[in-house]
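Asker: fold the following.
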Amino acid sequence: MSRSGLVSRRLAWMRLGTSLFLESTARLEDSELDAASGLPEWSRRHLLAHVGFNARALQRLVHWARTGERTPMYASPEQRVAEIEEGATWDGARLRSFVRNSAADLEHDIDGLD
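Answerer: Just a heads-up that it's a prediction; the model follows:
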């Protein structure tokens, strides 16, 4: 398989996974977001916040790849933790919207790479 074919397959896999994740989170009631996620000390809200902020962090890496300008995923481990903790306090609608938008923005930025 060619390199471009492999990249296309991986991007399709990423899009499918994102779609399944977003569909699953859309079905959760707001009260269900407070349940444990299966990750130690994280609620489902923490997990959603992590996914959304991780997409933003990956956008910084895409920016770095596109421009050569050094933009690490996070300024520090503390920044990552603070973002997740903040996002975990958001109401369900805001959190779901953030996750959807960050996924769409990341996909757009990845599509802009050559």
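
Asker: show me where this protein has helices.
Answerer: In the chain, the helices defined using DSSP state H lie at 3-27, 44-67, 77-87, 92-111.

Asker: ok, the closest residue to Asp34 other than its chain neighbours - how many residues close by?
Answerer: The spatially closest residue to Asp34, leaving aside those adjacent along the chain, is Ser43, at 5.6 Å (CB to CB, 6 or more residues apart in numbering). Backbone N, C-alpha and C define where each C-beta goes, glycine included. Ser43: 16 surrounding residues under other CB atoms under 10 Å.

Asker: I figured Ser43 hits Asp30, correct?
Answerer: No. With contact defined as CB atoms under 8 Å, Ser43 does not reach Asp30; the gap is 11.9 Å.

Asker: mind checking how far Arg10 is from Gly87?
Answerer: 27 Å (CB to CB, to the nearest Å).

Asker: just to revisit the earlier point, contacting residues for the residue nearest to Asp34?
Answerer: Residues counted as contacts of Ser43 (CB atoms under 8 Å, 6 or more residues apart in numbering) are 33-37, 88.

Asker: just the buried ones out of those, please.
Answerer: 33, 88 (16 or more other CB atoms under 10 Å).

Asker: which of the contacts of Ser43 lies closest to Ser102?
Answerer: Ala88 (14.9 Å; CB to CB).

Asker: for the closest one, give me its contacts.
Answerer: Neighbouring residues of Ala88 by CB under 8 Å, 6+ apart: 43, 45-46, 48-49.

Asker: one step back: which stretch in the helices of the chain is the model least sure about?
Answerer: For these, mean pLDDT drops lowest on helix 3-27, to a mean of 92.

Asker: what's the angle from it to helix 92-111?
Answerer: Comparing the axes of helix 3-27 and helix 92-111 via axes from the mean of the first three to the mean of the last three CA atoms, to 10 degrees yields an angle of 170 degrees.

Asker: which other helices and strands contact helix 3-27?
Answerer: helix 92-111 (3 or more CB pairs under 8 Å, 6 or more residues apart in numbering; DSSP states H and E).

Asker: how far is the helix it packs on from where the chain is centred?
Answerer: How far helix 92-111 lies from its chain's middle: 7 Å, per CA atoms, centre = their mean, to the nearest Å.
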